[in-house]
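Chemist: Curious how this folds, go ahead:
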Amino acid sequence: MVERRKPVIWLLASAVAVTAGVLAGPAWGANHIALINVPSANTKSEGYAPPSILSPELSQIVVAQGSTRLENSSPLTSFYGYDNDVLNAAGDPVMVPTPTSPNDEAQKTEPDKNTYLTFKKGLTGADPSYDYGTHFLFQGHEGGAGGAGYITRINLDANAAHRVSLLATRDSHGDPISTIDGSTWDPWAKRLLFTTEDEDAPTYAATPDYPSKVVDVSGSLGRGGYEGIQNDSDGNVWIVEDIGADLKGNPTAKRPNSFLYRFVPTEPGDLAHGKLEALQVLNQHHDPIIFKSEAALNNPDQTALHTYGTKFKTRWMTIHDTAVDGHASFDANELAKEAGATPFKRPENGQFKPGSHFTKFFFDETGDTDATSPENATAGGWGSIMELKQSDSSAHTGTLRMFYKSDEAHAALDNAAFLSRNQVAFVQDAGDTLHTQANALDSGYVWNVRRDYANSANQPLRWLAEGRDASATIDSANDGFGKNDGDNEITGLHVSDGDPGVRGVLGAQAPKLGASSWRWFYTQQHGDNLTY
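Modeler: The predicted structure is shown next:
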């Protein structure tokens, strides 16, 4: 008999579920969702492991956690969030230090960006006799012993034994998969796209079934400190880069060193042929803001970029064309600098505003993640949210403005998702240093894109004050035993109805949280690595 069981989660609004009493209320719809503000972040102190606090309209359900056993193991890993590099006498990974292993624990793999898809015919898995259902959540893993990553699929309709499938640890050439940050679904190519936050590591395209066929597409999309990735309505692939940089002669101010890219395929879905472009911003004198001018503290162009009310013209610069330059992998970051593209302070993710017909793209900057940076209040040290406007998603030119200037409480923004037509959520990745300086763990916030945040009376709403699980608390106290991160981080923020067709491209539809088809996911990375 074919076994199949649907869990309770599908009776709720999403993986981060909205309480049933609110679902029927008129305040929940495509244009707006009503949430009550969480008044403050959780504080950080030694040995303190507070629970997360959500807006009271929300509840959360764990769909997988680091200690969830994979239905199919490999020599690298047997569990969703732990590698097999440190095993106990029973052959299980050491998930927390023990008397026999007081100074070590297994490598935590850190599942990262979530991508949710539904398939009417379902997908194959490691057990050919099992029906895996139709609802699936995909992740690449950001950490890995020896730098080796992998791809997992949470089978949301499956029982415990079949809950998480290991889809791939190697690419089509048999090479180990590098650790992964971003992911999305390309409905034209019918492939998952995965990015790696390493200039020397590949960019991947992968099938969603088992075993996943993983192909290196670095010869067309390039290699860089890639993180955020998504399509637009024309089949172009937008990539947001987050890569470290030299300091500006100061121990805490970092030089902008990351770019916004757009891959324009020869035909939608053709991931092997096309042009990779990088965004160039023109200053008030109509000169390009380029990497060479960014070494000085509080550079005038960067200060202007981070000033409310200032608008800049933009244009896309072709940095690689497969028809001219061939298909060998290339360093996109270096080519962007050579072409005179404009660097930003560690942008990580971006989203198209629903209902804008892919003409408005909001992306964040993480910034310097240090309370002592001399550029915090002036040149993007706290980070920001930028808005890029174009006449259409394939337009060559546009305009850029700073939508929101971060401060200490809202610094170091990372993953993004629109919750409705006008409300966008960003979550923090501030890190242990800034957590300690601010005495605050990370939070998730909501901005209304129709508001003017130059007016200090307008403030984003906190929907999540993240806590810290005991495992992350131990890691924070012990420097992660040399290989794991400390405090928990919010990542993988994702809102989708799972449609694998063109209508499912993020930004094509206004989310309808409360409708049975829409889901809201995020991962509490580090520590126990729980995905909600």
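Chemist: which residues in the stretch 301-450 of the chain form helices?
Modeler: 322-325, 332-338, 431-438 (DSSP state H, counting those that start in this stretch).
Chemist: what does the shortest one contact?
Modeler: Defining contact as C-beta atoms under 8 Å, 6 or more residues apart in numbering, one finds that helix 322-325 is touched by 219-220, 266, 272-275. Just so you know, the C-beta spots here come from the backbone N, C-alpha and C atoms, and that holds for glycine as well.
Chemist: PyMOL command for the buried members of these?
Modeler: Of the contacts of helix 322-325, the buried ones go into a single PyMOL selection, burial set by 16 or more other C-beta atoms under 10 Å:
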select buried, resi 219+220+274+275
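Chemist: any idea of the mean pLDDT in the lengthiest strand in the chain?
Modeler: Secondary structure of the chain per DSSP state E: the longest strand is strand 311-321. Strand 311-321 shows a mean pLDDT of 98 in the predicted model.
Chemist: what's the answer for stretch 45-54, then?
Modeler: In the prediction, stretch 45-54 has an average pLDDT of 98.
Chemist: Likewise for stretch 415-434?
Modeler: Rounded mean pLDDT across stretch 415-434 is 98.
Chemist: What residues of it count as buried?
Modeler: Buried-residue list, stretch 415-434, by 16+ other C-beta under 10 Å: 415-432, 434.
Chemist: okay, residue 31: pLDDT?
Modeler: Looking at residue 31, the pLDDT reads 82.
Chemist: residues in contact with it?
Modeler: Residue 31 neighbours (C-beta under 8 Å, 6+ apart): 420-422, 510.
Chemist: for residue 243, same thing?
Modeler: Contacts of residue 243 by C-beta under 8 Å, 6+ apart are 197, 199, 224-225, 257-258, 333, 346.
Chemist: Quick one: the helices in the chain, in order.
Modeler: 20-23, 218-221, 300-305, 322-325, 332-338, 431-438, 470-477 (DSSP state H).
Chemist: tell me the most buried of the ones you listed?
Modeler: Among those, ranked by average contacts under mean count of other C-beta atoms under 10 Å, first place goes to helix 218-221 (a mean of 24).
Chemist: what sits up against that one?
Modeler: Contacts of helix 218-221 (C-beta under 8 Å, 6+ apart): 202-203, 237, 239, 263, 265, 271-274, 276, 320, 322, 326-330, 332.
Chemist: Go through stretch 362-372 and flag the buried ones.
Modeler: 362-371.
Chemist: ok, so of these, who is nearest residue 176?
Modeler: residue 366 (27.7 Å; C-beta to C-beta).
Chemist: can you pull the contacts of the closest one?
Modeler: So residue 366 contacts 242, 345-348, 383, 412-414, 429 (C-beta under 8 Å, 6+ apart).
Chemist: got a list of what residue 503 touches?
Modeler: Contact analysis of residue 503 by C-beta under 8 Å, 6+ apart lists residue 509.
Chemist: and with 6 Å instead?
Modeler: The contact partners of residue 503, by C-beta atoms under 6 Å, 6 or more residues apart in numbering, come to none.
Chemist: Find me the pLDDT at it, would you?
Modeler: Looking at residue 503, its pLDDT reads 97.
Chemist: so how far is residue 497 from it?
Modeler: The spacing between residue 503 and residue 497, counted by C-beta to C-beta, to the nearest Å, is 9 Å.
Chemist: coming back round to it: in the longest strand of the chain, what counts as buried?
Modeler: 312, 314, 316-321.
Chemist: give me the number of residues near residue 202?
Modeler: A total of 25 residues lie near residue 202 under the criterion other C-beta atoms under 10 Å.
Chemist: So what does it have for phi and psi?
Modeler: phi -70, psi 170 (degrees, to the nearest 10).
Chemist: Report whether the expected contact of it with residue 215 is present.
Modeler: No. Residue 202 is not in contact with residue 215 according to C-beta atoms under 6 Å; the separation is 9.1 Å.
Chemist: From residue 205, how far out is the nearest residue to residue 276 once chain neighbours are set aside?
Modeler: Sequence neighbours aside, residue 320 is the residue nearest to residue 276 in space, at 4.4 Å (criterion: C-beta to C-beta, 6 or more residues apart in numbering). Shown here: residue 320 relative to residue 205, a distance of 17 Å by C-beta to C-beta.
Chemist: same check, this time on residue 415
Modeler: 21 Å.
Chemist: Where does the prediction get shaky in the chain?
Modeler: The chain contains residues with pLDDT under 70 at 1-29, 293-294.
Chemist: again, only using 80
Modeler: 1-30, 292-295 (pLDDT under 80).
Chemist: Count the residues that sit near the closest residue in space to residue 147 that isn't next to it in sequence.
Modeler: Leaving aside its chain neighbours, residue 147 sits nearest to residue 179 (6.1 Å; criterion: C-beta to C-beta, 6+ apart). Burial of residue 179 is recorded as 22 neighbouring residues (other C-beta under 10 Å).
Chemist: Residue 384 too?
Modeler: That count, for residue 384 with other C-beta under 10 Å as the rule, works out to 25.
Chemist: correct me, but it touches residue 365?
Modeler: Yes. The pair residue 384 / residue 365 is scored as a contact, 4.8 Å apart, by C-beta under 6 Å.
Chemist: if I look at the two, which residues touch both of them?
Modeler: With C-beta under 6 Å, 6+ apart, residue 384 and residue 365 have no common neighbours.
Chemist: so of the contacts of residue 366, which ones are in strands?
Modeler: 347-348, 413-414.
Chemist: now, which of the residues you listed sits nearest residue 52?
Modeler: When the ones in strands among the contacts of residue 366 are compared against residue 52 (criterion: C-beta to C-beta), the nearest one is residue 414, at 16.3 Å.
Chemist: Hmm, residue 267 and residue 188 touching each other?
Modeler: No. Counting by C-beta under 6 Å, residue 188 stays clear of residue 267, with 8.1 Å between them.
Chemist: neighbour-wise, which of the two wins?
Modeler: Neighbour count, other C-beta under 10 Å: between residue 188 and residue 267, residue 188 has more, with 18 against 9.
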